[in-house]
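Novice: Sequence first, predicted model second:
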Amino acid sequence: MKRAFASLCAALAVTGAVVTGCGHGPDSDTPGPAGTAAGRSGPRPLTWQQELRIGDAQQRLTRQCMNSHGFAYWEDRTLTLRESMPVRYVQDDVAWARQYGYGGRIEARQDQLRLHNPIAAYRQSLSATRRAAFDKALDGGSDVQILSARLPGGGQEVRTRLGGCAKQAEETLYGDPADWFQASKTATGLPALYDEQLLRDRQLTSAVSAWSRCMKRAGLSYPDPQAARDAVRENTARLGTAGADRAFATERRTAAADATCARATSLKTVAAARETYYVDRLPGRYGEALDTYRRLERQAYDRAVRIVPQRA
């Protein structure tokens, strides 16, 4: 169980409640109930649907900028809104699970699309001179900005380069890229400050144990949700292309049982509440950083709705 919890904490969380919100279904565009963010009165986290729209707006702005430099550029909106739902450690949308399992086929399709990325193919088709101009327009040249941020808890300093159309798109949505980089790295690094406590939290471990007992009654023996997903991936890889349909049937059956048991045991509610409990007890400066992160994300979303429609 420790292995699974360590991975979920590193990925910010069991439910996404702390940073990314906890929307309850693929068609919801409103934050989860107040109970998922109890104890703090700062800005509410965004839902994954709202975050997806920000990403789409960033792509649209980048394309428009690249077009203005005389280059073609493609946006990736191949997935529907429903298909785009992130599968977190706790997934309790039973209908989604019955249709898509853990999203294995969606992920495989996206992997294939990345192999045949039209932007990469287009860039490769350009002459050396035009290719260099394309790169400069997209990412900046010698005047590129270097952003740096210190991770929470006295952690390492992380840096990134930002320039060109990528920088212009980020500025349009978030304002000062340096402020956004620092806020985002702080917010997404917060689990390192409490993950060991969360690993040992009795309420959470009890809820996971209840989930495991529920799965066993359904004929599936797994200690935690991550173990179920690992087994599904191993089965899919073992059966290969010839057994793809059988593997997907197993994936959907396991995922549906997983989501059903998550609902029956209130695993998402417990996980979100316990994570929020530990976040509320972090030093005040981290609460302020989290508020800044959410405020900038809300600003970006308010701007994004004027740039792109929500995916169908």
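Specialist: Thanks, I have the structure now.
Novice: Report the mean per-residue pLDDT for stretch 165-173.
Specialist: If you average the pLDDT over stretch 165-173, you get 97.
Novice: Pull out the buried positions in that stretch.
Specialist: Neighbour counts over stretch 165-173 (16 or more other CB atoms under 10 Å) mark 165-170, 172-173 as buried. (C-beta placed from N, C-alpha, C; glycine too.)
Novice: Do a quick rundown of the helices in the chain.
Specialist: 2-10, 48-68, 94-100, 104-115, 118-125, 128-139, 164-174, 177-189, 195-200, 202-217, 225-239, 244-264, 267-280, 284-304 (DSSP state H).
Novice: Worst mean pLDDT among those helices?
Specialist: Looking at these, the bottom one is helix 2-10 with a mean of 42.
Novice: Leaving out the residues flanking it, which one is nearest to residue 292?
Specialist: For residue 292, the nearest residue in space outside its immediate sequence neighbours is residue 183; the separation is 4.6 Å by CB to CB, 6 or more residues apart in numbering.
Novice: Provide a list of residues in contact with the one you found.
Specialist: Neighbour list for residue 183: 289, 292-293, 296 [criterion: CB atoms under 8 Å, 6 or more residues apart in numbering].
Novice: which among the buried residues of stretch 165-173 gets closest to residue 98?
Specialist: residue 173 (35.5 Å; CB to CB).
Novice: so how far is residue 95 from the closest one?
Specialist: From residue 173 across to residue 95, the span is 32 Å (CB to CB, to the nearest Å).
Novice: Ok, residue 73 next?
Specialist: Taking CB to CB, one finds residue 73 at 36 Å from residue 95.
Novice: Tell me which of the two has more neighbours.
Specialist: Taking neighbours as other CB atoms under 10 Å, residue 73 and residue 95 compare with residue 73 leading, 21 against 12.
Novice: Tell me which residue is most central in the protein.
Specialist: residue 86 (6.2 Å; CA atoms, centre = their mean).
Novice: isn't it right next to residue 48, touching?
Specialist: Yes - using CB atoms under 8 Å, residue 86 is in contact with residue 48, at 5.3 Å.
Novice: now the contacts of residue 183 as a markdown table including distance to residue 99 and neighbour count?
Specialist: Listed next are the contacts of residue 183 as a markdown table, based on distance: CB to CB, whole Å; neighbours: other CB atoms under 10 Å:
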| residue | distance to residue 99 | neighbour count |
| --- | --- | --- |
| 289 | 38 | 21 |
| 292 | 38 | 19 |
| 293 | 33 | 24 |
| 296 | 34 | 20 |
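Novice: Make a markdown table from those and add distance to residue 306 to it.
Specialist: As requested, the contacts of residue 183 are exported to a markdown table (distance: CB to CB, whole Å):
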| residue | distance to residue 306 |
| --- | --- |
| 289 | 27 |
| 292 | 22 |
| 293 | 22 |
| 296 | 17 |
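Novice: wait, which of the residues you listed is closest to residue 253?
Specialist: Lowest distance from residue 253 to these (CB to CB) belongs to residue 293, with 38.1 Å.
Novice: For residue 83, give its distance to residue 106.
Specialist: 5 Å.
Novice: Find residues that contact each of those two.
Specialist: Common contacts of residue 83 and residue 106 (CB under 8 Å, 6+ apart): residue 100.
Novice: Just give me the neighbour total for residue 137.
Specialist: 21.
Novice: Same check on residue 141?
Specialist: 12.
Novice: quick one: it and residue 167 touch, right?
Specialist: No - the criterion here is CB under 8 Å, and residue 141 misses it with residue 167 at 11.5 Å.
Novice: From what I see, residue 194 and residue 282 are in contact.
Specialist: Yes - if you go by CB under 8 Å, residue 194 and residue 282 touch, sitting 7.0 Å apart.
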